[in-house]
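Asker: give me coordinates for this.
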Amino acid sequence: MKALSMYSSTRFSQVLNLIPQSNFSRSVSEVNADKYAKKIKCTDVLKVMIYGQLSQAKSLRNLVEGYNSHMNKLNIPRSTLSEALVKRSFTPFQDLSELLLKQERRKVRKECKSYLMLIDSTPIPLDLKNIHLG
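Answerer: Okay, here's the model as predicted:
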């Protein structure tokens, strides 16, 4: 099990390195997405959600317990994450998704044409008129 968590952390770090933090931070600032955030910021939500995808978390409880035990940076209560997911603006996450899709091959962009699904199955409509598909 320890080898799996080392592998997951390494993969987690690799994925985080692909995220253009300056663009994400700019988007968070533009919509003031962290305005009322006390404990968990948009960057933290992003990290938790990426961890959830990599660890294939099946529930919010599973996600929070796994993240808290492997990451040791924040001890995020399940209720805090749940509230952040409900109340936080989706715009920075949508902007990041669109930016990352613009960098992908045409085939991948076509596969993601309609919606990008998050762990909680909330659809984020993408603005594909700004993405060159052909």
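Asker: what about the strands in this structure?
Answerer: With DSSP state E, the ranges of strands along the chain come out as 115-117, 123-125.
Asker: least confident of the ones you listed, on average?
Answerer: Note on these: strand 115-117 shows the lowest mean pLDDT, a mean of 50.
Asker: how far away is E65 from K39?
Answerer: 17 Å (C-beta to C-beta, to the nearest Å). Backbone N, C-alpha and C define where each C-beta goes, glycine included.
Asker: now T91: how far from L81?
Answerer: In terms of C-beta to C-beta, T91 sits 19 Å off from L81.
Asker: likewise for V15?
Answerer: To L81, V15 is 19 Å away according to C-beta to C-beta.
Asker: over to K39?
Answerer: Taken as C-beta to C-beta, the span from K39 to L81 is 10 Å.
Asker: more neighbours, these two?
Answerer: Neighbour totals were compared for K39 and L81, and L81 leads with 23 against 13 (other C-beta atoms under 10 Å).
Asker: pretty sure the more buried one contacts V48?
Answerer: Yes. The criterion here is C-beta atoms under 8 Å, and L81 meets it with V48 at 6.2 Å.
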